[in-house]
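> have a look at this prediction, sequence included:
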Amino acid sequence: VGWRLLELELTCQPPTDYISRVLPRAATSLQTLVLAGRAITHINFTGYTDLTEPLHFALANTSVCQLPDNAFLALSRLTEINVHGNGLTMLPDNVFLGLNQLTYLDLSGNGLTMLQS
């Protein structure tokens with residue numbers, strides 16, 4: 001009997017190989033991914049490309065102060081992104097590239113002063 005992981009919440013920085021070990025097993029079922037807490041300092045979505053379900057993603061109240069170029073490119077099925085309460089002051093032009101299913105975006109509680117059109 002297999003298992004289905006529907007929601008994953010991490011409140012500490014995952015080890016570099018955690019994503020490649022855990023998420024491929026959950027790829028067909030994961031619907032919500034939450035990274036929360038000041039111990040989270042950066043994000044790297046290498047290894048998330050096999051997710052097949054629409055996905056809700058939250059990066060809440062962390063120490064992340066910048067998102068990399070193409071940050072969510074591997075997560076093309078994202079429908080919701082919540083990145084409130086971080087130290088973001090700017091976003092790369094292509095940070096949301098490829099997110100054709102995105103219906104909700106929360107950038108509140110950051111130090112963003114201007115968004116590209």
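Everything's here; your move. Numbers count the residues shown, from 1 in each chain.
> how about the strands in this protein?
Ranges of strands within the chain are 7-10, 32-36, 55-60, 78-82, 104-106, based on DSSP state E.
> quickly run through the sheet partners of the second one, with directions.
In other words, strand 32-36. Under the criterion DSSP bridges, strand 32-36 sits next to strand 7-10 (parallel), strand 55-60 (parallel) in its sheet.
> hmm, back to that, so for residue 67, which of the strands of the chain sits nearest?
strand 55-60 (8.4 Å; Cβ to Cβ). In short, each C-beta sits where N, CA and C put it, glycine included.
> distance from the chain centre to that closest one, please.
Distance of strand 55-60 from its chain centroid, counting by Cα atoms, centre = their mean, to the nearest Å, is 5 Å.
> same deal with stretch 78-94?
9 Å.
> what comes up buried for it?
78, 80, 81, 82, 83, 85, 86, 88, 90, 91 (16 or more other Cβ atoms under 10 Å).
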